[in-house]
Every structure is written in structure tokens, then in C-alpha cells.
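Q: Predicted model, plus sequence, below.
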Amino acid sequence: MFDFHMHTIYSDGTDDIPTLLEKTKDLDHFSITDHDSIESTKYIIKNGLKAPNLIYGVELSTRDLNNSVHILFYNYDPNSLVLKDIIDRINNVRRDRLLERIKILKKDFKIKFRKEDLKYLLSVDNPTKPIIASFIVKYGYAPNIDFAIKTYLFHKLKTKKLSSEEVIKRLKDEKGFLVLAHPFGGIGEKRVEKEVLNERINRFKNYGIKGLECCYSLYNDEEQKYLIEMANMFDLAISGGSDYHGKNKKVEIACLSSDNNDNYKKVNLIEKLEL
């Protein structure tokens with residue numbers, strides 16, 4: 001079994017690295033794909049941790065035609081200056097988006113963050129929606145993180161993310177493997193229509209994308225078979241991941257569908273990677 005999409009405390013997951021390594025020790029292959037951060041990889045290397053089944057990964061936050069799109073980048077060089085520059089730029093944007101959200105929460109919902117909490121959020125490399133939402137729950141404005149995100153963090157922000165085209169084109173010649181994450185949309189996101197998706201895959205293929213995350217915890221058999229068909233049509237690798245976040249989301253490690261289908265048997269990402 002495998003899982004090529006998981007998050008730790010270095011983005012919006014709740015597991016630290018040793019905890020996640022213990023939970024994944026029986027998987028054939030897995031990848032930690034924190035949002036816009038390779039700190040998990042650096043931690044593992046620095047501390048000499050053994051994880052022979054680990055594939056380096058990162059999930060990059062981008063935009064395409066004013067819609068949020070995530071790009072998974074596997075088997076990268078941790079010392080890549082291009083990747084570092086992209087991550088630094090994304091995190092600068094993320095900081096600006098955080099400040100914009102704080103203003104909206106205060107203006108529209110009268111939610112004011114305590115000074116110490118705002119200081120903490122500004123110190124975090126990846127102040128993602130679940131992290132911001134955790135404080136909204138803490139202040140008593142929402143019963144849980146999912147409710148807080150849907151009720152208070154739905155606004156279209158003026159601060160724009162890096163374009164998918166730029167990110168893919170800059171990384172395509174770097175060591176690594178580019179995969180479009182959850183093509184129909186991720187957890188808590190609006191579903192992408194097939195017409196939009198087909199056009200996007202065609203463009204991204206030309207930009208340099210090499211795979212699709214076809215087997216995903218949120219998708220059923222019909223959706224996954226459609227994505228597998230698209231991957232085969234465009235000669236793209238077939239990947240799969242749970243989008244595990246620990247306690248922050250109700251998804252288990254190695255959960256690769258919403259209906260326990262066996263499409264995961266068609267995942268061929270490992271065969272395509274230059275390991």
C-alpha cells in the first residue's frame with residue numbers, strides 16, 4: 001500500500017515527523033507533501049531518520065484562471081534554488097493573504113485576534129486556513145474547523161497566488177516530477193467541471209505536468225476511472241493520495257477513495273519516478 005499525499009505540523013497537519021514515520025512504516029511508499037514547505041525533508045535529513053519508503057514531496061499553492069490549483073512536486077532536490085525561490089514567494093503571498101483575511105474577519109464578523117495569536121500566525125511558515133480556523137474555534141465563533149472555514153474563510157482575496165503556469169514551467173527542467181493534485185477539487189473545495197478540467201489538463205501537459213492524482217480519498221469509482229482515462233489519454237502518470245492531515249481532517253492514511261474501490265491498483269507513479 002502507498003500514500004503520496006500527507007501533511008504534518010510543517011503545514012496544516014497535526015502529526016510531527018517521528019509520529020508520521022511510525023504510522024507509515026508498513027507502507028510500501030509514501031510522501032509527505034506539506035503545503036509550500038520542504039521542512040519535513042530537511043528535518044529528516046538533518047536528524048538522520050530512516051525512511052527508505054519515503055519519496056520527497058511538496059504541495060505548491062498556485063492559481064489558474066483565478067481558481068486555486070495545487071501542484072504536487074515529487075523526488076525533488078532539497079537544495080534546488082528554483083524550488084526555494086518559488087516556496088519563498090508563495091509564502092510571502094500567503095503572509096499577505098493572512099493579513100487580508102484578518103482584516104476581513106474583523107470588519108465583517110467582528111472577530112479580533114489577540115496580539116499573541118496574531119504574532120504566532122505571522123511567525124508560522126504556512127498559516128493555512130485550518131490554522132486560522134483553529135483560532136476562530138478557540139474564540140468560540142465556530143464548533144469545529146470545518147465549520148469555521150466554510151462560514152468565515154470563504155472570501156475571494158485580492159492578493160493573488162503564483163500562477164500554475166509559471167510554477168510548472170519553472171520546475172519542469174528541475175530534478176523532480178510534477179503532478180496535478182486532486183484535479184476535481186480537494187477537501188472543502190468546489191468541484192471542478194469536466195470541461196474546465198479537460199482544458200486545464202491539456203494546457204498543463206504542455207507546460208510540463210507529468211501526472212494526475214487520480215486516486216484520492218474524496219473521489220468515487222466513477223470519478224477515478226474518468227481521471228485514469230484522462231491520464232492515459234494524455235500519457236500522464238497515475239498517482240494517488242489520501243490528503244491526510246491528522247486530527248485536522250477526517251481522512252485516514254492510505255485512504256484512496258470514498259467508496260473502497262480498487263482503482264489504486266492502476267497507480268504507476270513509482271514506475272515513472274527516477275529513483
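A: Right, received. Where do you want to start? Numbers count the residues shown, from 1 in each chain.
Q: Only C-alpha atoms from now on, for both contacts and neighbour counts.
A: OK.
Q: Contact partners for S37?
A: Contacts for S37 (CA atoms under 8 Å, 6 or more residues apart in numbering) come out as Y10, S11, V58, E59, I87, D125, N126.
Q: most surrounded residue in the residues you listed?
A: V58 (30 neighbours; other CA atoms under 10 Å).
Q: quick one: that one from I111, how far?
A: 32 Å (CA to CA, to the nearest Å).
Q: still on that earlier bit, in strands, which of the contacts of S37 fall?
A: Per DSSP state E, strands hold the following members of the contacts of S37: V58, E59.
Q: For L27, state which of the contacts of S37 is nearest.
A: V58 (18.7 Å; CA to CA).
Q: Can you check the pLDDT for the residue nearest the centre of the chain?
A: The chain has E59 as the residue nearest its centroid, 4.1 Å off, counting by CA atoms, centre = their mean. pLDDT for E59: 98.
Q: Might one say that it is in contact with D12?
A: No: the pair E59 / D12 is not scored as a contact, 11.7 Å apart, by CA atoms under 8 Å.
Q: Mutual contacts of the two, please.
A: D34, H35.
Q: Just give me the neighbour total for D85.
A: 11.
Q: Checking it next. Helix, strand or coil?
A: Secondary structure state of D85, per DSSP: H, G, I helix; E, B strand; the rest coil, is helix.
Q: list the contacts for it?
A: With contact set as CA under 8 Å, 6+ apart, D85 has no partners.
Q: do you know how far it is from K23?
A: 32 Å.
Q: got it, and R170?
A: 34 Å.
Q: shouldn't S239 be in contact with G211?
A: Yes: the pair S239 / G211 is scored as a contact, 6.8 Å apart, by CA under 8 Å.
Q: can you give me the strands for the stretch 51-200 of the chain?
A: Along the stretch 51-200 of the chain, counting by DSSP state E, counting those that start in this stretch, strands occupy 54-64, 67-74, 177-180.
Q: just these: most buried one?
A: Neighbour counts (mean count of other CA atoms under 10 Å) averaged over each of the strands of the stretch 51-200 of the chain peak at strand 177-180, with a mean of 25.
Q: what about the nearest residue to N198 once chain neighbours are set aside, neighbour count?
A: The shortest distance from N198 to any non-neighbouring residue, by CA to CA, 6 or more residues apart in numbering, is to M230 (7.9 Å). By other CA under 10 Å, the residues close to M230 number 19.
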